[in-house]
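> here you go, sequence then predicted model.
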Amino acid sequence: MLLEREGELDRLRAALRAAQEGDSSVILLAGPLGIGRTALLRELARTACAADVRVLRANAAPMERDFAFGVVRQLLDSLLSGATETERNRWARRPDRVARLMSGVDDLPTVHPPSAAAFEECLHGLRSLLADVSEHTPLLILVDDLQWADSSSLRWLARLAGQLEGLRVMLVWTLLDGDQGAGPALVRQLVDATRTLRPAALSRDAVRAMILERCGAAGHEEYVRACHEVSRGNPLFLTSLLLGMEAQGHTVADEHADRVRALRPAGLRERLASHLRTRPRVVREVAVAVAAFGGQGDPALIRELAGVDEDGLGTARRALREAGLLTDAGELRFVHRVVQDAVESTLTVAERERRHAAAADLLYTNGRPTEQIADHLMATTAIGRPWATTVLRAAAATAIRQGAPERAARYLRRVLLSHRAQGQARAGLLVELATAEADFDPEACLRHVVQAIPLLATARDRAVAVLCIPPPLLGAVHSSTTELLRRAAEGLGPHAGLDGPTRELGLRLEARLRHCGHENPGELASSVERLHGLGQEPPVYSAAERELMTVLLFSVTLTGRLPAAEAARTAGRILEREPVASGCANTVLPLVVATLFAAESVETVATWLSTQHRNRRRNPAGADAVLLFAERAFVLVSQSKPTLAREYVERALALPDANWREVSTIILSSVVLELRDPLLSEQVLARAGRRRPTGLALAASLRILRASVDAQRGLRAQALESLLACGRQLDVSGWRNSALFPWRPQAIGLYQRLGDSRSALRLAEEELAWARSWGAPAALGRALRLMGWLQGAQGVPLLREAVTVLRDSSFGLELARTLVLLGRQLGSGPEAEAVLREAGTLAAACGAPWLVERAENGLGAPTEPKTAILTRSERKVITLASRGLTNQEIADEFGVSSRAVEKHLTNCYRKLGISGRHELADTLPA
C-alpha cells in the first residue's frame, strides 16, 4: 500500500492514458534516498500491465556504468521476454545492428564507446524498433536510478526523449537527489527534458496508517509521534524502524516510544552504507569527517579533516543534504545516529582510529573543550600525545561537575593504562578515579583506594584518599573500610595536635569511624558521651564539624536518649549552614534529614529542599534522584498529601536498582508504610529484595513493612512474630527510637486483634513511656491513641489528650484516625457527632476514603457504595478487571497502554481500600 502518493499516481496514470492515445511524455521521479521512487515505478508497472501496455524496465547500477548500452540491453531483454515467437522472428530479420544487439552477438564494444557511424546506426535502429512495437502496443519504459546509467544508454535516452512524436511511449525514470552520477551533462539534459514529480515525506497520519498495516495494531499516540520524528516521514527509515522494533519483540505502546528513538536498525545501516560506498570520493570524505566529529565540528574543522577545499565541502554538503542524510540546519549533522553508524561501517578499524586521532589533534590545536578532545582520544588504541593525560584529567573533572561520574571514570581509566609505573603520579590518578566511582560503584572506589594507599607518601594524603570512600549510610560496613579509616586516623594522630586543614581531615575520619559502629551498643554509648561533651551549642561551622555532629546526633537519635526538640534544633543548625550541593547521597547529610523526620521537624526539611530546588543548576540523577524523591515523598505524606507522595514513590521506582541506597530505601519504606498501600509496598519490597544482604537499619525497615502487608492480608500471627523478632534485634543494638522503626505500634494492634490484651497493654505502656520522653507530637499522639483504644471507654481521656497533642503536628492522617476512634468511644451525642464530622472532613482532605467511610459509619449516615468514589473511567476499568480481563485486554478495549491500565487499577485499589483483584468480588455491588 502506497500512502500519500495519490497525487503522483494520478499524474502518472493520466500520462499513461495519454501515451496510449499517441501523446508521449517523459516524467522524472526525484527525491532523497528512501522516499519511495522505486515503489512508484512498481505501482505504475502494475497499472500498465492491467491496461495492456507493454512494460520495459531497466535498473542502472554503479558496477555497469562502463558497460556500453547496458541499460538499453536490459530494456531489450524485457522486450524479448514478453514477446511472441512471431514478434521475435520479425525483429530478428531487421537489417540494422539492433537485431544483433538483441541477440547478444553484436560486435559493439562493451567497454569503450562504439564508432560514430556504428553508434548512429544503433540509435536510429532502436528508435525504429520502438516505433514498430508501439504501433501495435503502447510502451512504458522505466529506468530506475538514472544517475548510474552508462553514457551510451544516456545518449540514446536523450535522443529518444526529443523524438517522441509519432510514438505511443511513456518514459519514466528515477533520480536520487544529490547524485548526478558519472555523466552530469547528459543527466542534466535528460532532467531538463522532463516533468519532475517529487514525492513528499509522509505525514503523521500516514505514519499511523503504516504502523497499523505493518504491525496489525493501531500505534498509541506517543509511539506514532516518535516514529514520525525519528523517520522524518521517510518510508525507508520508517519501515526499518518498524522491522527493528518487531524483531526485538516490542509492541506499538506508548512505553516503547523511547526505544524507537534509541533504535539504530542494522538493516538500515547496511542499506545506507551500501549507498555511501557508491558516492564520489569528496562526498565520502566529508561524510567520514562529519561522523568523526559527531555533529560537534564546525565546517572549517570538517573541511580540514576531510582534506577538501571550500568548493568540495559545499558540493559534498549539498549532495548529502539532498540525499536526505544531513539535516537542513546550519550545522553539519546527520539526520539520525544510524547514518553515522553506516559511515563508520565503511571504514576499517585502523581508518577510524586515524580519523579520531586527527580530529583530536585539530580540536586541541584550535583550543576546543577538553571533553570534545577526550571523546576522540578514547576512540584510539594508544593516546600517544604529550598533552593527552592533561586533557583527559581535565575532561574527567568537567564530567564530575556536570554530574556524569561514569564518563569521568572512563577517561581516568584510560589515563591509568598509560601510567604503569608505581609511584605518586599513579596514586593521584587512582584517587581521582575512586572519587568518580564513589557515586556509582562504591566497591570499585574502595578497591582503587586500597591500591593507592601504599603509593602515597604522607599520612595527610592517605587520609584524603580514604575519605574518597563514600560513607556506608546505615548499611553493612566492610571490615576493610573500617581498617582503612582506623589506620588513616592513627596516622594523623590526636585532633589537638593538628593544624586547620589536617584537623578537618581528622574530624571527618572520626565521623566515619563512629558511623561504622552504629550497630554496636558500646560504640553508640561512646557517641552519646562524645556529643554531651561538646556542650549545649556544639560547633557546626566547618564541613568536618558538621559531618561529625551529624553522625553523633543520629547515634543519639537511634538510642532515643535526647528529646526530639533538642535533636531537631541541632539538626536545623547543621542544615542551615550546609551549602547547596548537587549531590547528597554520598555524604552523611541524609542522616540529618532522617533525624529531622524522626523529630517531626518536617517544615525544616521542606524549606531546605525548596532552597535546594531553587539553587540547583541541574536535575538530580542516579542515587541523588532516588534520595530526593524519597525525601519529598516523606515531607508530603507528613503534610497529609498522600497522592503527591505516591507520585514521588513511583518516580523513585522508575529508576534503576543501582541507585537505591540504604537510606533512600528506608525513607521510602516509611512513606509506603504510612500510605498503607499493599501494592506499592510490594513494589518497594521487591526492589529492595534485589539488593545484597545489608545492615540492620534497612533489614528492620523492610521487616516492618512486610509485616504491615502480611497483616493487611490476614496473616496476623506471622506478622506479629516477625515484628517481635525485629524488636528484639533492635533492642540488642540499643536502638530504641520507635519513630525510626515503628515496630511496637504495629505489634500492639496485632496482639489485641489476636486476643492477647495483656501483651498489647504491656507494649503500649512501653511505647507511651518512650513517646513521652521523645516528645514528638505524632509519635506521642499515636501512643496515646493506642493506649486509649486498649482501655475502651476508660481510654477517652487519653484519646482527648492525643487529639490535643496531634493538633500541633503536621500529620493530619494520625489526627483523623484518633478523632474517628474518639468519636466511636464517645458513642452518641453532639460531641461524638462533631468529632466524627471533623474526622470525616480531615480524612477526605488527607485522601483517605477508607477513614471517611469509618467516620460516616460512626455517624450512622447512609453511605454510598465504595465504587462511588471512583471516576467513570476507573469504574469501567474495575468492572472489566472483575470479569477476569487481563491488563492488556483492558488496554486494547480502551485504546491505551497496559501501563495506563495498571495505574488506573492501583488507584482503584487504593481508593477502595483493597490489596488487589482477588478482593474485587467482595467490593463491587452485585
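Yep, it's here.
> how close does the nearest residue to S601 once chain neighbours are set aside get to V593?
Once flanking residues are discounted, S601 sits nearest to A568: 3.8 Å by CB to CB, 6 or more residues apart in numbering. The C-beta positions use only the backbone N, C-alpha and C, and glycine is treated the same way. Remark: distance between A568 and V593 (CB to CB, to the nearest Å) = 12 Å.
> tell me the contacts of the residue minimising distance to the centre of the chain?
Taking CA atoms, centre = their mean as the criterion, D258 is the residue nearest the geometric centre of the chain, at 7.2 Å. Applying CB atoms under 8 Å, 6 or more residues apart in numbering to D258 gives the contacts A226.
> try G517
Counting by CB under 8 Å, 6+ apart, G517 touches 523-524, 526-527.
> now render those residues as TSV, adding secondary structure and pLDDT.
Shown next, in TSV, are the contacts of G517 (DSSP: H, G, I helix; E, B strand; the rest coil; pLDDT from 0 to 100):
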residue	secondary structure	pLDDT
E523	helix	92
L524	helix	91
S526	helix	94
S527	helix	92
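> most neighbours among those residues, which one is it?
With neighbours defined as other CB atoms under 10 Å, the most crowded of those is S527; it has 25 neighbours.
> now that residue. Nearest residue, chain neighbours left out?
Nearest to S527 is S555, by CB to CB, 6+ apart, at 3.7 Å.
> and that neighbour, what pLDDT?
Here, the pLDDT recorded for S555 equals 94.
> state the distance from it to E510.
Counting by CB to CB, the gap from S555 to E510 is 12 Å.
> looking at these two, which has the bigger crowd around it?
Applying other CB under 10 Å to S555 and E510 shows that S555 carries more neighbours, namely 26 against 20.
> work out for me the element that one sits within.
helix 543-559 (DSSP states H and E).
> then that helix to PDB, C-alphas only?
The C-alpha atoms that make up helix 543-559 are tabulated as PDB, following Å, rounded to 0.1, in the frame of the first residue of the first chain:
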ATOM      1  CA  ALA A 543      32.200  21.000  57.000                       C
ATOM      2  CA  ALA A 544      34.100  18.500  59.100                       C
ATOM      3  CA  GLU A 545      32.400  19.700  62.300                       C
ATOM      4  CA  ARG A 546      29.000  19.300  60.700                       C
ATOM      5  CA  GLU A 547      29.900  15.800  59.500                       C
ATOM      6  CA  LEU A 548      30.900  14.700  62.900                       C
ATOM      7  CA  MET A 549      27.900  16.400  64.600                       C
ATOM      8  CA  THR A 550      25.600  14.700  62.100                       C
ATOM      9  CA  VAL A 551      26.900  11.200  63.000                       C
ATOM     10  CA  LEU A 552      26.800  11.900  66.700                       C
ATOM     11  CA  LEU A 553      23.300  13.400  66.600                       C
ATOM     12  CA  PHE A 554      22.000  10.400  64.600                       C
ATOM     13  CA  SER A 555      23.600   8.000  67.000                       C
ATOM     14  CA  VAL A 556      21.800   9.700  69.900                       C
ATOM     15  CA  THR A 557      18.500   9.700  67.800                       C
ATOM     16  CA  LEU A 558      18.800   5.900  67.300                       C
ATOM     17  CA  THR A 559      19.000   5.400  71.100                       C
END
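> what about the helix of greatest length in the chain, average pLDDT?
In terms of residue count, the longest helix belonging to the chain (DSSP state H) is helix 116-136. The pLDDT scores in helix 116-136 average 81.
> so for it, what gets flagged as buried?
Buried residues in helix 116-136, counted by 16 or more other CB atoms under 10 Å: 119, 121-123, 125-127, 129-130, 133-134.
> could you point out which element follows that helix?
Following helix 116-136 in sequence, per DSSP H and E, is strand 139-144.
> average model confidence for the helix or strand harbouring L730?
Secondary structure from DSSP H and E places L730 in helix 716-732. Taken as a whole, helix 716-732 carries a mean pLDDT of 94.
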